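> using only what follows, build the 3D model:
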Amino acid sequence: MKSETARAIIKSKQCYCTLQDEGRGGQNHRGIPAGGPMDSQARDLANALLDNNSNDAVLEVGPLSLTLEFENATTVSVIAGIGEVSVNGVPIEDTLLMLRAGDVLILEYARSFAFRYIGIKGGWQGDRVLNSRSSLPSLGMRSLSFQSEISFHTHIYLSEIKSLAEYAVPQLKIPIFPGPDFHWLGADKARAFFSQPLTLDVQSNRQAFTFLEKVTVTSYPEAFNSTGCLPGMVQLTPSGKLFILMKDGQTTGGYLQILYIPEMYLPNLAQQLPGSKLNFVFAGSEKPIDKNSDQ
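Residues are numbered from 1 along each chain as shown. Just a heads-up that it's a prediction; the model follows:
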């Protein structure tokens, strides 16, 4: 069946949402972060439920509420916490929704995990820059906000509704490893600091996650060489603040890179709500990451 371009309109006065596909890898040398979903497993599930291509763009919705009005009929998948989704004011528990023209989909404030995902049959359309629709305003891509229109291709309905499983985020102790500048912190101080639960700061976002607790800094270099940054790198400021670089984090420079979290653990970290108490395991016996590594 031939599809036509349709649209949904954001009706929330405040929202925190972006379009995300697999991102634009290989651009770090140009100062462009890869982007992509904060939780790739949830994004993959949103697309799989719709039989979409794995790289089709989904709408990533942060902890704030979102109201989305659809001007055309379509089928969407919603990966969100229990009790967070409604259509036309009616609470919905299904993960796959067949919407009619004029329907209003609402995601309430996040209560279960921080980033929710709305997939749509055929994928959300939008600006494509460097072969990706992942939102990044610094590339001239528009930010999504009140009255923003998001286009998609109309498809009537899926021929079959699949049995659906609830999406859950496991609560894990996240391993943390020495980074290239680890000697400025040291194993004893790192082990002591990460023996306590850390409180996720409300300022955490797609660029970086940070904590309320601070490291006691006794010495800090006045100058040091700038090195490349990857998601998962943990930077230490002179005041003792820790920043974990995330999907849209800077690609070079900044502060000392003292620690590192493997990328496979970032989705679990990303889904923790502000104010959550997080537990880390300091893997002090591991060899520090090489500054010149391209991994």
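
> quick check: closest non-adjacent residue to V129.
L139 (4.8 Å; CB to CB, 6 or more residues apart in numbering). Any C-beta I mention is one placed from the backbone N, CA and C, and that applies to glycine too.

> how close does the one you found sit to L107?
The spacing between L139 and L107, counted by CB to CB, to the nearest Å, is 26 Å.

> next one: L278
For L278 relative to L107 (CB to CB), the value is 24 Å.

> ok, these two, which is more surrounded?
Neighbours were counted for L278 and for L107 using other CB atoms under 10 Å; L107 has more, 25 against 18.

> ok, for the more buried one, nearest residue in space, not its chain neighbours?
Nearest residue to L107 in three dimensions, chain neighbours excluded: L66, at 4.6 Å (CB to CB, 6+ apart).

> got the phi and psi for that neighbour?
For L66, the backbone dihedrals are phi -140, psi 130 (criterion: degrees, to the nearest 10).

> was I right to think it contacts Q14?
No - using CB atoms under 8 Å, L66 makes no contact with Q14, being 9.6 Å away.

> measure the residue nearest in space to the middle of the chain to Q271 for me?
The centroid of the chain falls nearest to M38 when counting by CA atoms, centre = their mean (2.1 Å). Distance of M38 to Q271, computed by CB to CB: 7 Å.

> mutual contacts of these two, please.
Residues touching both M38 and Q271 by CB atoms under 8 Å, 6 or more residues apart in numbering: A114, F115.

> one step back: what's near enough to touch the residue nearest to V129?
I32, V129, L130.

> buried only: go through the residues you listed for me.
Buried members of these, counted by 16 or more other CB atoms under 10 Å: I32.

> make JSON lines out of the contacts of L139 and add distance to T251, secondary structure and pLDDT.
Converted to JSON lines, those look like this (distance: CB to CB, whole Å; DSSP: H, G, I helix; E, B strand; the rest coil; pLDDT from 0 to 100):
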{"residue": "I32", "distance to T251": "7", "secondary structure": "coil", "pLDDT": "91"}
{"residue": "V129", "distance to T251": "16", "secondary structure": "strand", "pLDDT": "93"}
{"residue": "L130", "distance to T251": "14", "secondary structure": "coil", "pLDDT": "94"}
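
> between the contacts of L139, which is nearest G102?
Checking those against G102 with CB to CB, the nearest one is V129 at 31.9 Å.

> hey, what's that closest one bridged with?
Beta-bridge partners for V129, by DSSP bridges, are S132.

> could you report the neighbour count for the closest residue to T251 other than its chain neighbours?
Excluding its sequence neighbours, the residue lying closest to T251 (CB to CB, 6+ apart) is N28, at 4.4 Å. Residues contacting N28 under the criterion other CB under 10 Å number 16.

> before we move on, what about V202?
Neighbours around V202, by other CB under 10 Å: 12.

> and the pLDDT at the residue nearest to it when sequence neighbours are not counted?
Excluding the flanking residues, the one nearest V202 by CB to CB, 6+ apart is P274, at 4.1 Å. Note on P274: pLDDT of 93.

> give me the low-pLDDT residue ranges for the stretch 151-295 of the chain?
Along the stretch 151-295 of the chain, the model assigns pLDDT under 70 to residues 155-165, 284-295.
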